[in-house]
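In: Dropping a prediction and its sequence here:
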Amino acid sequence: MGVKSYFQEGSRKEILGFMIIVFAVFVFISLASHDKLDITKFERPVVEESPDYLISEGDYLNEEEVVNEDGTTEPVEYDRSLSFSELLDVHVENQAGLVGAGVSEYVLRILGRSSFILTLVLMVIGWRLLFQYENNWLRNKLLEVFLFVFVIGTIFSLFDLDNPQISSTLTESLAGSIGWTLAKVSRSLFAVAGGFAILGAAAIFLLFTIIPFRPGSIRKGIDTTVAVAGRSSKTAAVHLHEQSRSWWPSLKALFHREPKVYDAEPEETKQVKPAPAQPEVDFDEQLQQAESKIVKAQRKEPEQLPLSLDDVQEKRGKLRFTSKASRVTKDGYTFPALDILQVPPSNEPTVSPADLEETAAALLSTLNTFDVEVIPGSLEKYPGPIITRFEFKPAPGIKINQIVNLADDLALALKASRIRIIAPVPGKSAVGVEIPNRKAQKVYIREILQSDAYQRGKYKLPLALGKTTMGQPFVVDLARMPHLLIAGSTGSGKSVCLNTVITSLIYKHTPKTLRFIFIDPKILELSVYGEIPFLARPVVTKPKMAESVLAGAVNEMEERYKRLATQSVRSLDDYNAKVPEADRLPYLLIVVDELADMMMSGSAGKIELLITRLAQMARAVGIHLILATQRPSVDVITGLIKANFSSRIAFQVASKVDSRTILDANGAEKLLGNGDMLLLLAGEPEPLRIHGAYVSSQETESLVGFFKETAPEIQPLQAFSEENEKALVERNNHDVLLPEATELVIRHKQGSVSLLQRRLGIGYQRAARIMDQLEATGIVGPYDGSKAREVLVDKSYLDQMMKKDKPSA
């Protein structure tokens, strides 16, 4: 039992790694001490006379001709091979002995001098197996490494084809017989120059697949050098160093213990803090001059911004505004700096291999205790910043429900707060167990915004939500969702998620391409953004005003549809591509942070209908909604709302009922809080677990302070001006039968409550309210006892009203 337990999965990998290292060292020594004369000692020397061991058939003989009885001749050879006892007496110069001499001869003959590189690759493989590294990089890149070595050797062989010294013994070539053959074929088909060009291009392509270095990094480095002209050499070096972070971590990760699960370019989380700016250098002015040279724009230089580095540091403390991030558009809009956001600390806790092995052993032991048999060698480990996922294949005959019901027992055995079981893992014949790490990492918004997923992704409305369970940055496009419902218990991370959404959009858009409408009945959460230039109207903090604001959004949607119809297009992007820049329409994002308060304070039915109408029709014209609530009950998240919000985020909730209300599935009750979420995307069968990015209140305050100092005042959208909203409020307060009542009293030339009751088929209370509204609008006179009210307008007013209500073509 002891031997069997020793040869478990981890021990087998260690033994295999040790054996690979020993083999690679042996091959390397044999290659390094190769002597071309050693191979000749494996045979007897050629003799002039036929010795006694002449054999007529079947054996390897020194060539001579013998005459047969019929007069024909045939070659006869002398047997030159040594017996085993004779081989033991042979002395070779190779430091690896007879075996090393034979191995080096044939390896060099086949692969050439490039085989030295392959021995180093074998050593790396053995090292990573021995010390329990994740080998996803090796599994994905090993073939490319071998091909790269052969291609390089073949390139050098192109120039050695006419060298008789090398052609006589291929052990001296760089690529051996394989590369020699490829070189001959390439030279025959494409000549030396053509073969060199084709093989060189193949080598560069393979190098880029092995190391995720991009030629664009060179261009960015040059642009950065130009843009920072006039800065101190130390600051310029920092910027050029940051450009190298896209490829250097991949080389360093070869001997780094952090596990890599996805075949993705690793993201560098450690940030280089820029050197303090010299007070006598005006960075902002120099950056604007440099950028004007790059874009070669013939425009007037913008006025000097009233924001200086020293003033900001004195006023805002935590705000670190440097010239690095002040990207300026052609119309003078300045993007906020990434330096405003907090740099992730370099000492974040990580999961050690020892912890992984200990948790894996405890998991297997607990499963074995409850008679859940696991296929040997099927356990895989995927560490992440917050949780680690263990995937295993149950033995035949084990029911999935039997494993799912063990969640609480596993949590008890592993001393974990909450455990989530995924049975089965989508796309795999395996069961996943998500176990919280002993020390969780915090996910910072800055590292998500600096990632390639955000910077290079082709997203219209990118939401940098956080990281996946494997530690990869996660960015999703709101334009494809196209609306989002967020729900969870108090303190689970909803408000921080909204701040993350707003921040990620602000760093990608300008006020000309994106506008917000914030409805914040809680007053505290979204009101902090009251002075940013992206607002279509001031932040709505009174729940009773929400209905009129949503009605204004519906009117804006209808107006946009009319505009799209004039251009015969179907989407906002197509419309903006056809019209002049001055007539382009921005995206409009409506954010509601507490849906429950808004629905309780007003008419829930009207609000639900307005939200539903926007959700059904507003996507094509660039209007999107994000609704957040801490009360995921069916009277708040109604069936009509949920049917039109197919993309939803669930944070930690108290019960399975709340989880099913949000996601139509269990799982949210097993989350850990503090930004841990389940994201259900439209069209996806299963939710994704995401660890939300953290945006502190100081970062939000610094971001708003940046816009206070730099951004010009932006006028609200016309549909949400005070005059239009007042008209909307009045119209919303009027009864829907008011136009019919107006026509009725004008045609009968008298106004009475009984007339409205009979003609409109309504009760007394409603008829009396309509009569008061007719009096307020000046259509009928005041109350005059038992007499009918005097009608103050004539039929011309009715004709004018009908013409006004007639839809324009």
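Out: Ah, there it is. Remember, it's a predicted structure, so these values are computed and weren't measured experimentally. Numbers count the residues shown, from 1 in each chain.
In: Any buried residues in stretch 673-685, and which?
Out: When neighbours are counted by 16 or more other Cβ atoms under 10 Å, the buried residues of stretch 673-685 are found to be 674-681. (Each C-beta comes from the backbone N, C-alpha and C, glycine too.)
In: which residues are contacting that stretch?
Out: When contacts are defined by Cβ atoms under 8 Å, 6 or more residues apart in numbering, stretch 673-685 is touched by residues 386, 426, 440, 443, 465-466, 476, 480-482, 488, 491-493, 496-497, 646-652, 663, 667-668, 671, 687-694.
In: In helices, which of these appear?
Out: Secondary structure assignment (DSSP state H) places 496-497, 663 from the contacts of stretch 673-685 within helices.
In: which of the residues you listed tops the neighbour count?
Out: For the ones in helices among the contacts of stretch 673-685, the largest neighbour count, defined by other Cβ atoms under 10 Å, is 27 neighbours, found at C497.
In: ok now do that residue, which residues does it touch?
Out: Taking Cβ under 8 Å, 6+ apart as the contact definition, C497 lies against 465, 486, 628, 649, 651, 675, 677, 692.
In: Quick one: residues contacting H748.
Out: Under the criterion of Cβ under 8 Å, 6+ apart, the neighbours of H748 are L755.
In: oh, and call the first residue 16 from now on, that's how I've got it
Out: OK, 16 is where the count begins now, so the last one is H763.
In: how close does it sit to E574?
Out: Counting by Cβ to Cβ, to the nearest Å, the separation of H763 from E574 is 36 Å.
In: quick one: low-confidence ranges for the stretch 66-215 of the chain?
Out: 66-104, 147-158, 174-190 (pLDDT under 70).
In: what does the chain give?
Out: When residues are selected by pLDDT under 70, those of the chain lie in 16-26, 51-104, 147-158, 174-190, 226-341, 362, 617, 726-727, 729-749, 816-824.
In: domains of it?
Out: Residue ranges for the structural domains of the chain, counted by automatic domain parsing, are given in the record as 16-58+97-148, 149-225, 230-355, 368-451, 460-734, 749-820.
In: Stretch 515-534: which residues count as buried?
Out: By neighbour count, with 16+ other Cβ under 10 Å as the criterion, the buried positions of stretch 515-534 are 515-534.
In: Kindly apply the preceding question to stretch 367-386 instead.
Out: Going by neighbour count (16+ other Cβ under 10 Å), the buried part of stretch 367-386 is 368, 371, 374-375, 377-379, 381-382.
In: In helices, which of those appear?
Out: When helices are assigned by DSSP H, the members of the buried residues of stretch 367-386 inside them are 368, 371, 374-375, 377-379, 381-382.
In: Arrange these in JSON lines, one row each, with distance to Q470 as further columns.
Out: Conversion of these to JSON lines gives the following (distance: Cβ to Cβ, whole Å):
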{"residue": "P368", "distance to Q470": "32"}
{"residue": "L371", "distance to Q470": "31"}
{"residue": "T374", "distance to Q470": "35"}
{"residue": "A375", "distance to Q470": "36"}
{"residue": "A377", "distance to Q470": "40"}
{"residue": "L378", "distance to Q470": "38"}
{"residue": "L379", "distance to Q470": "41"}
{"residue": "T381", "distance to Q470": "43"}
{"residue": "L382", "distance to Q470": "42"}
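In: and which of those is nearest to W142?
Out: For these, the closest approach to W142 (Cβ to Cβ) belongs to P368, at 13.4 Å.
In: separation between the closest one and E388?
Out: Counting by Cβ to Cβ, the gap between P368 and E388 amounts to 26 Å.
In: show me the contacts for R675.
Out: Residues in contact with R675, defined by Cβ under 8 Å, 6+ apart, are N681.
In: 10 Å instead?
Out: Applying Cβ atoms under 10 Å, 6 or more residues apart in numbering, one finds that R675 lies in contact with 647, 665, 668, 681-684.
In: can you check G707 too?
Out: Contact partners of G707, counting by Cβ under 10 Å, 6+ apart, are 401, 458, 460, 463, 480-482, 489, 507-509, 511-512, 515, 664, 666, 689-692, 694.
In: so of the domains of the chain, which one's packed in deepest?
Out: With neighbours taken as mean count of other Cβ atoms under 10 Å, the domains of the chain reach their highest mean count in domain 460-734, at a mean of 19.
In: on contacts alone, who are the packing partners of the helix ranked longest in the chain?
Out: The longest helix of the chain (DSSP H) is helix 191-225. With contacts defined as 3 or more Cβ pairs under 10 Å, 6 or more residues apart in numbering; DSSP states H and E, the packing partners of helix 191-225 are helix 112-126, helix 151-173.
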